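S.K.: fold the stuff below for me.
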Amino acid sequence: MGVNSMAKIVVLGASTGGMPAAYEIKANLGKDHQVLLVNEHDTFRFTPSNPWIAVGWRKPEAITLPIEKIFSQ
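M.R.: From the prediction side, this is the model:
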């Protein structure tokens, strides 16, 4: 990339791999570059906590976060 080039990175999937990867890439590249996170839903759910929901220890909203709010920081 040249000095004035802007990186455009696309991350597919906002699960336990894609979400942290996109967040770290964005943090390392800085504001001069674009990171696009593509996901089926507009929320991130911490999948390892799903059994807690099944047994009633947590409610879905306790382990679900809006992607845009987290990723726009």
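S.K.: thought residue 71 was touching residue 23?
M.R.: Yes: between residue 71 and residue 23 there is a contact at 6.7 Å, judged by CB atoms under 8 Å. C-beta coordinates here come from the backbone N, C-alpha and C atoms, glycine included.
S.K.: list residues touching both of these two?
M.R.: Here residue 71 and residue 23 have no joint contacts, going by CB atoms under 8 Å, 6 or more residues apart in numbering.
S.K.: C-terminal to the longest helix belonging to the chain, what's the next element?
M.R.: What stands out as the longest helix in the chain, according to DSSP state H, is helix 18-29. Sequence-wise, the next helix or strand downstream of helix 18-29 (DSSP states H and E) is strand 34-38.
S.K.: pairing partners for that following strand, with directions?
M.R.: Looking at strand 34-38 with DSSP bridges, its partner strands are strand 8-12 (parallel).
S.K.: need the contact partners of the partner strand.
M.R.: 18, 21-22, 25, 29, 33-38.
S.K.: for residue 60, give its distance to residue 45.
M.R.: 7 Å (CB to CB, to the nearest Å).
S.K.: more neighbours: which of the two?
M.R.: For residue 60 and residue 45, the more surrounded residue by other CB atoms under 10 Å is residue 45, and the numbers stand at 18 against 12.
S.K.: now that one. Nearest residue, chain neighbours left out?
M.R.: residue 64 (4.8 Å; CB to CB, 6 or more residues apart in numbering).
S.K.: the one you found reaches residue 43, doesn't it?
M.R.: Yes: look at residue 64 against residue 43 with CB under 8 Å: they come within range, at 5.0 Å.
S.K.: before we move on, back to that, outside of the longest helix of the chain, which residues touch it?
M.R.: By CB under 8 Å, 6+ apart, helix 18-29 touches 7, 9, 11-12, 14, 33, 35, 37, 39, 44, 67, 70-71.
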